[in-house]
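In: need a structure here:
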Amino acid sequence: MDKIARIKELVELLNKASKAYYAEDVEIMSNFEYDKLYDELTSLEAETGMILANSPTQNVGYEVVSELPKEKHPARMLSLDKTKEVDALVSWLGDHKGLLSWKMDGLTVVLTYEDGKLVKAVTRGNGEIGEVITANARTFVNIPRAISYKGKLTIRGEAIITYSDFEKINASIVDADAKYKNPRNLCSGSVRQLNSKITAERSVRFYAFSMVEPEDKELMDSFENSFEKRFEYLSSLGFDVVEYKEVSAETLPEMVQWFSNKIPTNDFPTDGLVLSFDDTAYGKSLGTTAKFPRDAIAFKWRDEEAQTTLREIEWSPSRTGLINPVAIFDTVDLEGTDVSRASLHNITYVKDMQLGIGDSIKVYKANMIIPQISENLTKSGRFEIPDKCPACGGETRIKNENGTETLNCINPSCPAKNIKLFSLFVSRNAMNIDGMSEATIERFIGAGILHKLSDIYHLAEHRDVIVTMDGFGEKSYDNLVKAIDASRKADMAAFLYGLGISGFGVANAKLIVKAYKSDFSAIMDAVPEELMEIDQVGDVLARDFAAYFADEEKRTEVERLLNEIEFVIEENTAEQDLEGMTFVITGSLETYPNRDALKKEIEDRGGKVAGSVSAKTTCLINNDINSNSSKNKKAKSLGIPIITEEMFKEGKYNAD
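Out: Just a heads-up that it's a prediction; the model follows:
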């Protein structure tokens, strides 16, 4: 492994360890190992002169500004000419060697390094004037803050946010209306923040795609007029460059197809390809037109269209209350897949397209991924806007915001607005029903086959509907039904947790089941005064719990669920030798498969497991007794014994 690659590996390893230690209170490596790797990273950074922006050796100082200053580019940044024809690419390249690379879909940024340090970052803006975002760029995940080259170097590239990071960011946002629409919009907003700390939280990445010609003649000569050698040099400095392939006129069609095949599995957004002459001197000699440079050209995939017939407009409720129109049409083959549905966005879109049932329409896949209607050939306008929500039957209302009409459900109890409850109920720590993601739940609700939790146990009655849904077939349906049937044998505490009672987690549920000796009727009839006698159940939790079962509608739904399931109550024959003791577990385990296994043993023996060390803790279980973790420090300050797994097994509940 080369030194640059090792630096990147070490940064990732050390940052992962730091996050686990400080944010999750888990040690994934010893202090000795961390220090050893940190020293190796420091040595390599000094040796290569390359320091990544997110290196743990750097103390990032965030900057807040009132506005982003504007700056004129030294030379106008022209956009590329475009084509959708592979033959046009072949003709353009002629008998020259070319480089074919991704055209990433983010925000173009220009970085300037002087004396080996990043001194300036500017967005493309309108091509003439951009915004200075230097402090923000220093927080990009993968750019070097320092490089070995000490002359002036200016690099152009694309700032992007990957699909996986985009999904993580959206998953952390509770308010559905506040979620971001796509990675490109999120990236654009993140790069142009006034507070660089916010940018740092967005995992922005930079991929270099060109270099402004350096003034250093010796460096220029080393490139031998080769675009590819410039890419190789940038890689040697620690930059990630866009993925590229060498092509000729003969190999171009095959390589375009190679890139095309990768789109479904890419973790980054793209909107085409870029073909450049490898001979930079030749490319420069061609000059520019008024609008485009002549040394490169962009390729957009031709959208494959198919004509079909609109059979239905389905109105699909969402968690935000929006009821979104979806076109259902006769199945067509697009880009090698069967397509029968396309989003219609809102009422205004449907009206503008003059869509009606039975219309002849043309459909395509935007960027070869998202089905869209490109044209309505009939324009009958025959469609009805429902006055009842498909999910709950409640009243609907049309809202007009900035000239865009949308359909909305106004019932606050609509199941489409309570997807989190369904998601909790089927989760691993509750009923553990595999195959029911939030997206699947939302589709079932939208199809009108899922209104309440007990409906989950009647989904088999809607087989014909489910097997025709996108992403579902006979096998997916069979697997889902098997998972639902398996959940009918249920753990009482897991079921209780899955009901989503305010403030109650798995630990509380176990305490209540134990206190009431697995008598679910007694649990439903529990009163606050009784519940408050259970350790760790306070006044607020007790009242919320009792209020849940006092609600007639909720109690009726629980009784419906009880008709579908059977509680499996394991007789606990373990000696209750840990009764009255409280343990905290931290660090990695050696003989137990995971923490849950150790936790179960402690609870089966009458003990309790807490998440943090307090004066009530009997002892802290940590195989690295001498580590400087926050829990170890807290235990030592309180005089709480720290023991290893083996000591726990031997009954040595103190460190002496």
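In: report pLDDT for I484.
Out: I484 carries a pLDDT value of 95.
In: quick check, it in a strand?
Out: No: under DSSP: H, G, I helix; E, B strand; the rest coil, I484 sits outside any strand and is assigned helix.
In: report how many residues lie close to the nearest residue to it once chain neighbours are set aside.
Out: Once flanking residues are discounted, I484 sits nearest to I433: 5.7 Å by Cβ to Cβ, 6 or more residues apart in numbering. Quick note: C-beta positions are derived from backbone N, CA and C, even for glycine. Neighbour count of I433, defined by other Cβ atoms under 10 Å: 21.
In: now I433. Its backbone dihedrals?
Out: phi -100, psi 100 (degrees, to the nearest 10).
In: please report how far it lies from L310.
Out: I433 sits 35 Å away from L310, going by Cβ to Cβ, to the nearest Å.
In: so who does L111 touch?
Out: 118, 120-121, 137, 143, 154-157, 206 (Cβ atoms under 8 Å, 6 or more residues apart in numbering).
In: ok, F239 - contacts?
Out: 143-144, 155, 157, 206, 208.
In: what about 6 Å?
Out: Going by Cβ atoms under 6 Å, 6 or more residues apart in numbering, F239 touches A208.
In: how close does it sit to D216?
Out: F239 is 17 Å from D216, by Cβ to Cβ.
In: swap in Y364?
Out: 48 Å.
In: excluding chain neighbours, what is closest to E557?
Out: That would be K452: by Cβ to Cβ, 6+ apart, it lies 5.8 Å from E557.
In: check I640 too.
Out: T617 (5.0 Å).
In: and if you look at T270?
Out: W102 (5.0 Å).
In: correct me, but that neighbour touches D271?
Out: No: if you go by Cβ atoms under 6 Å, W102 and D271 don't touch, sitting 9.3 Å apart.
In: more neighbours: those two, which one.
Out: W102 (22 against 15).
In: and the more buried one, what is it in contact with?
Out: 242-243, 270.
In: rerun at 8 Å
Out: 242-244, 259, 268, 270, 273-274.
In: nearest to N594, of those residues?
Out: Nearest to N594 among these is F268, at 33.4 Å by Cβ to Cβ.
In: wait, isn't the closest one in contact with Y163?
Out: Yes: at 6.9 Å, F268 and Y163 qualify as touching, with contact defined as Cβ atoms under 8 Å.
In: not counting sequence-adjacent ones, nearest residue to I347?
Out: Going by Cβ to Cβ, 6+ apart, I347 has E405 as its nearest residue, at 4.0 Å.
In: the host helix or strand of the one you found: what's the following helix or strand?
Out: When elements are assigned from DSSP states H and E, E405 belongs to strand 404-409. With elements assigned by DSSP H and E, the helix or strand that comes after strand 404-409 is helix 419-426.
In: show me what that following helix is packed against.
Out: Here helix 419-426 touches helix 438-446, helix 492-498, going by 3 or more Cβ pairs under 8 Å, 6 or more residues apart in numbering; DSSP states H and E.
In: hmm, 6 Å instead?
Out: Judged by 3 or more Cβ pairs under 6 Å, 6 or more residues apart in numbering; DSSP states H and E, the packing partners of helix 419-426 are helix 438-446.
In: residues in contact with the helix or strand following the helix it packs on?
Out: Using DSSP H and E, the next helix or strand after helix 438-446 towards the C-terminus is helix 463-466. Residues from elsewhere that reach helix 463-466 (Cβ under 6 Å, 6+ apart): 447, 472, 477.
In: what's the neighbour count on the nearest residue to the first one once chain neighbours are set aside?
Out: Yep, that's A447 we're talking about. Nearest non-adjacent residue to A447, counting by Cβ to Cβ, 6+ apart: V465, 5.8 Å away. By other Cβ under 10 Å, 16 other residues sit near V465.
In: identify all contacting residues around the strand holding E405.
Out: Under Cβ under 6 Å, 6+ apart, the answer for strand 404-409 is 317, 321-323, 346-348, 389, 394, 396-399.
In: do the same with stretch 417-425
Out: By Cβ under 6 Å, 6+ apart, stretch 417-425 touches 319, 431, 438, 441-442, 453, 498, 500.
In: one more: stretch 431-438?
Out: With Cβ under 6 Å, 6+ apart, stretch 431-438 has contacts from 419, 423, 425-426, 479-480, 483-484, 487, 498.
In: checking V256 next. Helix, strand or coil?
Out: Classified using three-state DSSP, V256 is helix.
In: any idea how far the spatially closest residue to it that is not a sequence neighbour lies from L252?
Out: In this structure, V256 finds its nearest non-sequential neighbour in V86, 5.5 Å apart by Cβ to Cβ, 6+ apart. Distance of V86 to L252, given as Cβ to Cβ: 7 Å.
In: quick one, which of those two is more surrounded?
Out: The neighbour comparison of V86 against L252 (other Cβ under 10 Å) goes to L252, with 21 against 16.
In: isn't that one up against W92?
Out: No: the pair L252 / W92 is not scored as a contact, 9.5 Å apart, by Cβ under 6 Å.
In: would you mark the buried spots in stretch 332-343?
Out: 332, 334-335, 339-342 (16 or more other Cβ atoms under 10 Å).
In: pick out the most distant pair among the residues you listed.
Out: Among those, E335 and R341 lie farthest apart (Cβ to Cβ), at 14.9 Å.
In: circling back to that earlier point, quick check: neighbours of the strand holding E405 in the sheet, parallel or antiparallel?
Out: strand 322-334 (antiparallel), strand 396-401 (antiparallel) (DSSP bridges).
In: nearest to I173, of these?
Out: Closest among these, using Cβ to Cβ: strand 322-334, at 16.2 Å.
In: tell me what the next helix or strand after that closest one is packed against?
Out: Sequence order places strand 337-343 as the next helix or strand after strand 322-334, per DSSP H and E. Counting contacts by 3+ Cβ pairs under 6 Å, 6+ apart, strand 337-343 packs against strand 322-334, strand 370-376.
In: what residues does strand 337-343 touch?
Out: With Cβ under 6 Å, 6+ apart, strand 337-343 has contacts from 326-328, 331-332, 363, 371-373.
In: what number of residues lie near the residue nearest to I347?
Out: Counted with other Cβ under 10 Å, E405 comes out at 15.
In: for it, list each beta-bridge partner.
Out: With DSSP bridges as the rule, E405 is bridged to N400.
In: same question, the one 4 residues further on
Out: Partner residues in beta bridges with C409: T396, with DSSP bridges as the criterion.
In: what about E67, is that helix, strand or coil?
Out: coil.
In: so what pLDDT did the closest residue to it other than its chain neighbours get?
Out: Take E67 and drop its neighbours on the chain: the residue closest to it by Cβ to Cβ, 6+ apart is L194, 6.9 Å away. Per-residue confidence (pLDDT) for L194: 84.
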